[in-house]
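*Asks:* Test case, fold it:
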Amino acid sequence: MTLSRTLFARPRALACVILSASLSLTACKAGPDYRLPTVPVQASWKAMPGWSAAVPADHMLRSNWWALFRDRTLSELINRADTANQTLAASAANYAQSRAVVREVRAALLPSVDLSGGANYQGQSGSNRTITDPVTGQIVTVGGSRRTTRLQLGIGTSWEPDLFGRIRRSVEANRATAEAALADLGSARLAIHGELAINYLALRGTDEEIGIVGRTITGYERALKIADNRYRAGVAIRTDVFDAQAQLASTRAALEGLRRTRRALENAIAVLVGMPAGDFRLAEAAPVTTVPAVPAVLPSTLLQRRPDIAAAERRVAAANANIGVESSAFFPSLLLSADGGQNASSVGALFGTAANIWSLGASVAQTLFDNGARSARVTQARFAYDAAVANYRQTVLVAFRDVEDQLTASQVLARQQNLLRQASEAAGRSEATLLNRYQSGQIAYTDVVIAQATALNARRALIQTSIDRQTAAVALIQAIGGGWFDVEGTPEPPLS
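*Replies:* Numbering: from 1, shown residues only. The predicted structure follows:
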C-alpha cells in the first residue's frame, strides 16, 4: 500500500542509520568493571578430626537433606511448606519483581516506537451575509452551515544511544540485584526447611519426654500407695506420704508444662506450612532416633554453597555497577527522534502521497554546573560499594564461624549423649534399689525421693541431648548451605 511506502520508509531508514551508529557509539561504559572482592579463607576447620570432607557441586540442585532423618511425616511437612509458606511466597514474588525490573531497564537500550491517530470534525451554522473580499474587492456571500474534517495518522520513534554505558550499567546493577533476590529466596527456603525440621524433631522429642514422664507418674503413684500403706501399718511416718504426694504433684505439673511446649511447637509448624494454628494437628508418634553424621565441606567450597554469601556477593556487583551509572552523568546525552505521518481531510486523501509529513531530530544535553551534585552521587556510590564489600566479607566470616560452632557442637553433644545414657541407666538402677530397700524398712523415704528425681532428670536430659544433636545436625546442614547429596555419584537416602 501507499501508506506502508510513505509512512514507514523514512523512519525505517533512520532506524537503520541509528542502529549502525550505535555499534560504534556504545563501545564504552563509565565506571569500573566488576572484580570479585578478596575474602579471607581458612585452610581447614578446627573440629575437622573425625569428619569427612564432602566435594559439593553448587551448580547442581540441592538435595532433600531432611530425608537423612528417615521420617516420612517430616518430608511431607516440608513439601507442604514449599507450596504454602508465606515467607517463601514473598521471597519468590520479590525475585519475580526484580526480574521484571531488569526487563524494564534493558528495554531502554532499544528505540521506542509510538503510533498515534486522530479525527477532528467541526461544524458551524448561521445566516448568509455578503462581504467584500479584501484581496479581490469582489462581493461574496458567506455564512450558512459549514463543516470541516481533519484526519491524522502518525508514527514516531525516539532513542537515546547508550554512549557511555549508563543504561548498560543499570542493567548490570539490576541483574545483580535480581540474582541476589534469587539467592535470598534460597536462603529463605533453607531457613524455613531448617526451622521446620528443628521444630518437628523437638516435638517428637517432647512426645518421648511426655511418655517418660507419664510412665514416671505411674511409678510415683505406686510409690505413694506404698508409703501410705506403710504409714497406715504404723511402720512409716506421715511425712513419707507427704513427700510422695509432693513428688507426684510436681511431676504432674512438669507433664502439663511439656504438653504446653508440644502445643507451641505444633502451632509453630502450622505457621510454617501455611495453616491456621487452630486447624493443624500432629498426632503423637514415636521419636525420631536418627542423628545423621554430617560431613563438612571444605572451607573454600563453602563460598559457593551458602546462598547468603551468594546474595552478599551479588549486591557487591550491583553496587559496583551503580558507580558506573552515577559516573555517566559527567558525559553528554544524545537523543535521536524520527516522526512520520499523514494529515488529510478525508480517508481517501489520508493515504495519498501529498498528505505525507515527516521529521527527523537530534538533541544533545550536558550539565555544565551542578554545584558538585554529580560528584557527591559518585562518592555515595563508591562508599555504598565499600559497605557492600564489608558486608560480603562479614557474611563469609560468619559462615566460617557457624560451621565451626556446629562441628564442635556435634562432636561434644555426641560425647555428652553417651555419658548421659550411662547416667540414666545408673540412676534407674539406683531408683529401683532404693525403693526396694524402703519397702523393707532399711532407709528413709527421702532417699527414695532423691533417687526418683535424679533418675527422672537423667532420662529427660538424655532425651534433650538427643534433640540437641539433631538440632546441631540441622544447623550444620544450614551452615554449609544445604545437604551434600547433590554431589554426583552420591545417592539420596531412601525414606523409611
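*Asks:* I'd like the average pLDDT over the helix or strand in which residue 417 is found.
*Replies:* Residue 417 belongs to helix 373-439 when elements are defined using DSSP states H and E. For helix 373-439, the mean per-residue pLDDT is 91.
*Asks:* Show me what it is packed against.
*Replies:* Contact here means 3 or more CB pairs under 8 Å, 6 or more residues apart in numbering; DSSP states H and E; on that basis helix 373-439 packs against helix 166-232, strand 296-297, helix 299-305, helix 307-327, helix 445-479. Using the backbone N, CA and C atoms, a C-beta is placed for each residue, glycine as well.
*Asks:* Any chance of a markdown table for these, columns mean neighbour count?
*Replies:* Output for the helices and strands packed on helix 373-439, formatted as a markdown table (neighbours: other CB atoms under 10 Å):
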| stretch | mean neighbour count |
| --- | --- |
| helix 166-232 | 20 |
| strand 296-297 | 24 |
| helix 299-305 | 18 |
| helix 307-327 | 23 |
| helix 445-479 | 21 |
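*Asks:* Nearest residue to the residue most central in space within the chain in space, please, no chain neighbours.
*Replies:* By CA atoms, centre = their mean, the chain has its centre lying nearest to residue 185, at 2.7 Å. Using CB to CB, 6 or more residues apart in numbering and skipping residues adjacent in sequence, the residue nearest residue 185 is residue 91, 4.3 Å away.
*Asks:* For the host helix or strand of the one you found, buried residues please.
*Replies:* Using DSSP H and E, residue 91 sits within helix 86-107. Going by neighbour count (16 or more other CB atoms under 10 Å), the buried part of helix 86-107 is 87-88, 91, 94-95, 98-99, 101-102, 105.
*Asks:* helices and strands around that helix, which ones?
*Replies:* helix 166-232.
*Asks:* So which elements touch the helix it packs on?
*Replies:* helix 72-84, helix 86-107, helix 238-272, helix 307-327, helix 373-439, helix 445-479.
*Asks:* Moving C-terminal from the second one, which element do we reach first?
*Replies:* The first helix or strand that comes after helix 86-107 along the chain, using DSSP H and E, is strand 112-124.
*Asks:* Double-check residue 305 against residue 477; I have them as touching.
*Replies:* No: with contacts defined as CB atoms under 8 Å, residue 305 does not count as touching residue 477, sitting 10.7 Å away.
*Asks:* And residue 39, its phi and psi?
*Replies:* phi -130, psi 150 (degrees, to the nearest 10).
*Asks:* what about the residue lying closest to it once chain neighbours are set aside, how many neighbours?
*Replies:* Using CB to CB, 6+ apart and skipping the chain neighbours, the partner closest in space to residue 39 is residue 396 (4.6 Å). Using other CB atoms under 10 Å, residue 396 has 22 neighbouring residues.
*Asks:* separation between residue 396 and residue 310?
*Replies:* Applying CB to CB, to the nearest Å, the value for residue 396 to residue 310 is 11 Å.
*Asks:* And residue 182, how close does it get to residue 391?
*Replies:* 18 Å.
*Asks:* scratch that, residue 306
*Replies:* 14 Å.
*Asks:* quick one: which of those two has more around it?
*Replies:* Using other CB under 10 Å as the criterion, residue 306 and residue 391 rank with residue 306 on top: 27 against 16.
*Asks:* My understanding was that that one contacts residue 400; is that so?
*Replies:* No: look at residue 306 against residue 400 with CB under 8 Å: they stay out of range, at 10.2 Å.
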